[in-house]
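**Q** Build me a model:
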Amino acid sequence: MNALSLGRTAAAKQQQRLLAAWRIPGALRAFASETTPSSSSSPSDSNSNNKGKGQARSRTEFASRLKNGPGFADFVGGGLKDPLTTDELLAKVGTAAGGRERARVRLPQWLKTEIPTGGNVTKIRKTLRDLKLHTVCEEARCPNMSECWGGGKHGTATATIMIMGDTCTRGCRFCSVKTSRAPAPLDPMEPENVATALAAWALDYVVLTSVDRDDLPDFGSAHFAQTVRSIRERAPQMMIECLTPDFLGRADLIEPVALSGLDVYAHNIESVERLQGAVRDHRAKYAQSMFVLEHVKKTKPTLLTKSSIMLGFGETDEEVLQTMRDLRTAGVDIVTLGQYMRPTKRHMKVHEYVTPDRFAHWESVGNQLGFLYTASGPLVRSSYKAGEFFIKEILQKRSDAAAAIAAATKAGGPSSLAAGAESRLQGSASSSATTTTTASMRDIAATIATEERKKIEDASSSGRAPL
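**A** Next up, the predicted model:
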């Protein structure tokens, strides 16, 4: 056997070993073996003429067999003759072995939104960068940024400013805000910077929120209250909502913020009681959050309170209903319900995308329970634009009534308009307004909202069966 024959023999054996290792289907192995030159040779192979003819013939046969050779079915098992279409492939990938559905939910069409653009969006972003301020709209990747910052269909521009830095000391599993045990120190100029920025923007309603600052002795309570006072000095006409941390449930830290001059005090319960440990940081507790909302009402009964529930974590209808009942028991006036949307792959998976019809159901339930306002929808967030527009209308009506009372008192006698406003104040609030010309119009207005809420509760309790 000459060197050429030995080479062919070695190549054939190597090819067979590779085919066996790769476990290529039998049809392909047969095809390869048929096109591989035989390992046996005769002494005549040494003849150069016969060798050239044999090699040419082998190449021609191999090319012919390759052209008409193995198809898709020879490489893929399962009886498939043609490649899967895109829809067939997605359906197959979505199902795990044994026919069980994989825990993967695709984003439905009703949750897809446009990229935030527009003149007011650009203006607000520039001011934020210049003054080194942060918004939860950007940090939490809110889908409603364009509508809120741009004014939306109602023309009421809103922004949510995040104070006390952009780094949180807690690590809730739904939130994309940065976390650290030791964030940067507070900026003592931040209250003034925030007030300066808001005074320059064309905003009707602002939401102040913050990261948790468990590293501070007062958890940031004094800083929060000072920011509200600074805004009130520079922009007295602006409606202010504060979405606060739980301050670890300390009443002495909740009260300064509640009495700082804000219009709406918000604190989010986030999820149903059973899922609190899975959704929120271990320092955040269901009962603790309920206490915050309840204590705000005790501190200032006329102050509007607000909370938010996210759906899609795996909660049941009974649990959502119980959470809404607990919020009403705590005296909460406004509730929002929205869809949890996973910000990154490092965060909790979405268990379910709740349909718009189901959100409409919860809005109806909220109205029956006696909430002054319920905002419920897939894209609704705790600082949702539509809710703030409604609150602005309520506060504006109350302010107008209070202004009429003050004007009538200053003139020395109640006008017909002032008399109508006084009747809405019902007794004690009316008396207080007519005897004190310097009384806070916002406090008087808040009293009207309390009476309106009582009317809703009375009508609900008499006109419907219990839930």
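
**Q** residues near Lys13, how many?
**A** Using other C-beta atoms under 10 Å, Lys13 has 11 neighbouring residues. Every C-beta, even on glycine, is put in place using the N, C-alpha and C of the backbone.

**Q** I'd like the mean pLDDT over the helix or strand hosting it, please.
**A** Here Lys13, judged by DSSP states H and E, is contained in helix 3-22. For helix 3-22, the mean pLDDT works out to 63.

**Q** which stretches of the stretch 251-400 of the chain form strands?
**A** Applying DSSP state E, counting those that start in this stretch to the stretch 251-400 of the chain gives strands spanning 264-266, 304-311, 334-339, 373-376.

**Q** typo on my end, it should be the stretch 101-250 of the chain
**A** Using DSSP E, counting those that start in this stretch, strands in the stretch 101-250 of the chain cover 134-135, 158-163, 167-168, 178-179, 205-210, 239-243.

**Q** Of all those, which one is nearest Leu259?
**A** strand 239-243 (11.4 Å; C-beta to C-beta).

**Q** hang on, the earlier thing: which stretch in the strands of the stretch 251-400 of the chain has the least confidence?
**A** Looking at the strands of the stretch 251-400 of the chain, the bottom one is strand 373-376 with a mean of 89.

**Q** partner strands of that one, parallel or antiparallel?
**A** Next to strand 373-376 in the sheet, as set by DSSP bridges, lie strand 334-339 (parallel).

**Q** OK, contacts around the closest residue to Tyr373 other than its chain neighbours?
**A** Nearest non-adjacent residue to Tyr373, counting by C-beta to C-beta, 6 or more residues apart in numbering: Ile334, 4.8 Å away. Counting by C-beta atoms under 8 Å, 6 or more residues apart in numbering, Ile334 makes contact with 264, 266, 304-307, 371-375, 387, 391.

**Q** okay if I get these as a markdown table plus distance to Trp201?
**A** Listed next are these as a markdown table, based on distance: C-beta to C-beta, whole Å:
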| residue | distance to Trp201 |
| --- | --- |
| Val264 | 19 |
| Ala266 | 20 |
| Leu304 | 23 |
| Thr305 | 26 |
| Lys306 | 22 |
| Ser307 | 27 |
| Phe371 | 30 |
| Leu372 | 27 |
| Tyr373 | 25 |
| Thr374 | 28 |
| Ala375 | 23 |
| Gly387 | 20 |
| Ile391 | 18 |
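
**Q** Let's have those in TSV, adding neighbour count and distance to Val206.
**A** As requested, these are exported to TSV (neighbours: other C-beta atoms under 10 Å; distance: C-beta to C-beta, whole Å):
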residue	neighbour count	distance to Val206
Val264	23	11
Ala266	25	12
Leu304	25	15
Thr305	23	18
Lys306	30	14
Ser307	27	19
Phe371	25	23
Leu372	22	20
Tyr373	21	18
Thr374	22	22
Ala375	26	18
Gly387	26	14
Ile391	23	12
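
**Q** Quick check: which ranges of the stretch 351-467 of the chain have low pLDDT?
**A** Within the stretch 351-467 of the chain, the segments meeting pLDDT under 70 span 382-393, 395-396, 398, 411-467.

**Q** one step back: Gly277: which of the strands of the stretch 251-400 of the chain is closest?
**A** Of all the strands of the stretch 251-400 of the chain, the one in closest proximity to Gly277, counting by C-beta to C-beta, is strand 304-311 (15.0 Å).

**Q** could you dump the strands of the stretch 101-250 of the chain to a markdown table with mean pLDDT, mean neighbour count and distance to Glu61?
**A** Listed next are the strands of the stretch 101-250 of the chain as a markdown table, based on pLDDT from 0 to 100; neighbours: other C-beta atoms under 10 Å; distance: least, C-beta to C-beta, whole Å:
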| stretch | mean pLDDT | mean neighbour count | distance to Glu61 |
| --- | --- | --- | --- |
| strand 134-135 | 60 | 22 | 72 |
| strand 158-163 | 79 | 25 | 73 |
| strand 167-168 | 92 | 20 | 70 |
| strand 178-179 | 88 | 14 | 66 |
| strand 205-210 | 88 | 25 | 76 |
| strand 239-243 | 91 | 23 | 77 |
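
**Q** closest one to Ala197 among those strands?
**A** strand 158-163 (7.8 Å).

**Q** you'd agree Leu293 is up against Leu327?
**A** Yes: with contact defined as C-beta atoms under 8 Å, Leu293 counts as touching Leu327 (7.1 Å).

**Q** Mind listing the shared neighbours of those two?
**A** Joint contacts of Leu293 and Leu327 (C-beta under 8 Å, 6+ apart) are Ser307.

**Q** got the CA coordinates for stretch 199-216 in PDB?
**A** In PDB, the C-alpha atoms belonging to stretch 199-216 read as follows (Å, rounded to 0.1, in the frame of the first residue of the first chain):
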ATOM      1  CA  ALA A 199     -41.100  78.100  38.900                       C
ATOM      2  CA  ALA A 200     -39.600  78.300  35.400                       C
ATOM      3  CA  TRP A 201     -41.600  75.400  33.900                       C
ATOM      4  CA  ALA A 202     -45.200  75.600  32.600                       C
ATOM      5  CA  LEU A 203     -46.500  73.100  35.100                       C
ATOM      6  CA  ASP A 204     -49.900  73.100  36.900                       C
ATOM      7  CA  TYR A 205     -49.200  70.100  39.100                       C
ATOM      8  CA  VAL A 206     -46.000  68.700  40.500                       C
ATOM      9  CA  VAL A 207     -45.400  65.400  42.300                       C
ATOM     10  CA  LEU A 208     -42.400  65.200  44.600                       C
ATOM     11  CA  THR A 209     -41.200  61.800  45.400                       C
ATOM     12  CA  SER A 210     -37.900  60.400  46.700                       C
ATOM     13  CA  VAL A 211     -35.700  57.400  47.100                       C
ATOM     14  CA  ASP A 212     -35.600  55.800  50.500                       C
ATOM     15  CA  ARG A 213     -32.800  57.100  52.700                       C
ATOM     16  CA  ASP A 214     -32.600  54.700  55.600                       C
ATOM     17  CA  ASP A 215     -29.000  55.900  56.000                       C
ATOM     18  CA  LEU A 216     -30.200  59.300  57.400                       C
END
